[in-house]
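*Asks:* I would like the atomic coordinates for the input below:
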Amino acid sequence: MKHIAWLLIFWVGITVALHSSKAARDLDTAAKPGSNLQLVVLEVDGCIYCDVFRRRLLTAYEASKQGKKAPIRFVDINDPALGDIGLTQPVGMVPTFIMLENNQEIGRSPGLMGKQDFFRAIDYLLIGR
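*Replies:* Numbers count the residues shown, from 1 in each chain. As a prediction, the model looks like this:
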C-alpha cells in the first residue's frame, strides 16, 4: 500500500509539472559542432527531479569522458522543436535521457537515478559508439 501511495504522489507531481508554465531555461543549448552524439535531457519547467539532476549530476557529467563524447542538451517536452528529434517512442516521464546519433534516437533511460546508476546507464547507451 505504501508503494501505491508513493506512485500516486509521483504521478500527481509529474502531471502538475507537465502543466506548469515554461520559464526561460537553457533549452536551446546545442551540441558541440562536429559531434554526431549527444545526450538530450527531456524535461519540463517545475519538475523537481529535473532540478535535482541539474544540481547533483550535471557538472559531473559535463566533466566526464561520457560528457565529452556525448555533449548534453536540454529540451522541454512542450517545445515544438521536440518534433525535430528522431524519437522512437513517446516520452512517459521526465527527466528522460535520450542518446542521439546524427539526430536519431539510439537509446534512452527514463527517470532520475543515483550517480553510479546514471553513469552505468550512459555507458550502456554509448556501447559500440
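
*Asks:* Could I get the average pLDDT for stretch 101-119?
*Replies:* Regarding stretch 101-119, the rounded mean pLDDT is 95.

*Asks:* now do stretch 76-88
*Replies:* Mean predicted confidence for stretch 76-88 is 88.

*Asks:* Using neighbour counts, pick out the buried residues of that stretch.
*Replies:* Of the residues in stretch 76-88, Asp76, Ile77, Asp79, Ile85, Leu87 count as buried by neighbour count, 16 or more other C-beta atoms under 10 Å. Heads up, the C-betas are built off the backbone N, CA and C, glycines and all.

*Asks:* so Phe97 makes contact with Tyr49?
*Replies:* No - using C-beta atoms under 8 Å, Phe97 is not in contact with Tyr49, being 11.7 Å away.

*Asks:* residue contacts, the residue nearest the centre of the chain?
*Replies:* Taking C-alpha atoms, centre = their mean, the centroid of the chain lies closest to Val41, which sits 2.3 Å from it. Applying C-beta atoms under 8 Å, 6 or more residues apart in numbering, one finds that Val41 lies in contact with Cys50, Phe53, Ile72, Arg73, Phe74, Val75, Pro95, Thr96, Phe97, Ile98.
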